Structures are given as C-alpha cells and as structure tokens.
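> The following comprises the amino acid sequence and a computationally predicted model.
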Amino acid sequence: MSNTKNTGGPAYPVKTPTPGYNFETVHQGMTLRDHFAGLAMQGIVSCKINYDGMAAFSDDDVAQCYIIADAMLNAR
C-alpha cells in the first residue's frame, strides 16, 4: 500500500507555449486536494461563527476539511 496521497493534481496549472506550440506546465499552483479542503473550510467556518462575529474553529476542524477533500477526490 502506498503512503502517497491522491492530490488530484494541480488545481490551476499555468501552461505556456514553447517553441513548436507544445505546452509546458510552468507553475503547478495548489493541488486540487488543497482547493477542495479550502471549499470545505468555508462551510465549516461559516457554521462556527460565535456571538462576536469571529470564527471559532479548531485544528480538528481543519483536519476534517482534508477528510472531506479526500472523499471528494475519491468520488471523482
């Protein structure tokens, strides 16, 4: 069993043409896994707003975002 995580590849790769019109990936950007985790975090944080308008979330909430992201990648 491999220890590597499925990251889904780059979320927003930047490709530029090279001589001969071949495209080469120049900048990988963040991974699709990180992008999905960020989207999940928006939902979690929006549900954790306390009375003074500040978000109160824990390290476990952040970890949950990556669990959700992994499930989203598996569903692809």
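On my side now, so go ahead.

> Point out where this structure drops to low pLDDT.
Applying pLDDT under 70 to the chain picks out residues 1-4, 14-28, 53, 55.

> what about 90?
1-31, 41-62, 76 (pLDDT under 90).

> Give me the nearest residue to residue 33, chain neighbours excluded.
Once flanking residues are discounted, residue 33 sits nearest to residue 7: 4.5 Å by CB to CB, 6 or more residues apart in numbering. Bear in mind the C-beta positions are built from the backbone N, C-alpha and C, glycine included.

> State whether that neighbour is indeed within a strand.
No: looking at residue 7 with DSSP: H, G, I helix; E, B strand; the rest coil, it is coil, so not inside a strand.

> Just the residues contacting stretch 48-63, thanks.
41, 44-46 (CB atoms under 8 Å, 6 or more residues apart in numbering).

> That stretch: which residues count as buried?
57, 61 (16 or more other CB atoms under 10 Å).

> next one: it to chain centre, how far?
Computed by CA atoms, centre = their mean, to the nearest Å, the chain-centroid distance of stretch 48-63 equals 19 Å.

> distance between the ends of it?
One end of stretch 48-63 sits 15 Å from the other (CA to CA, to the nearest Å).

> didn't residue 8 look like it was pressed against residue 31?
Yes: between residue 8 and residue 31 there is a contact under CB atoms under 8 Å: 6.1 Å.

> Distance of the residue minimising distance to the centre of the chain relative to residue 61?
Central residue of the chain (CA atoms, centre = their mean): residue 34, 1.8 Å from the mean position. Shown here: residue 34 relative to residue 61, a distance of 16 Å by CB to CB, to the nearest Å.

> And residue 50, by the same measure?
13 Å.

> hang on, residue 43 is in a strand, isn't it?
No: Residue 43 sits outside any strand when classified using three-state DSSP, being helix.
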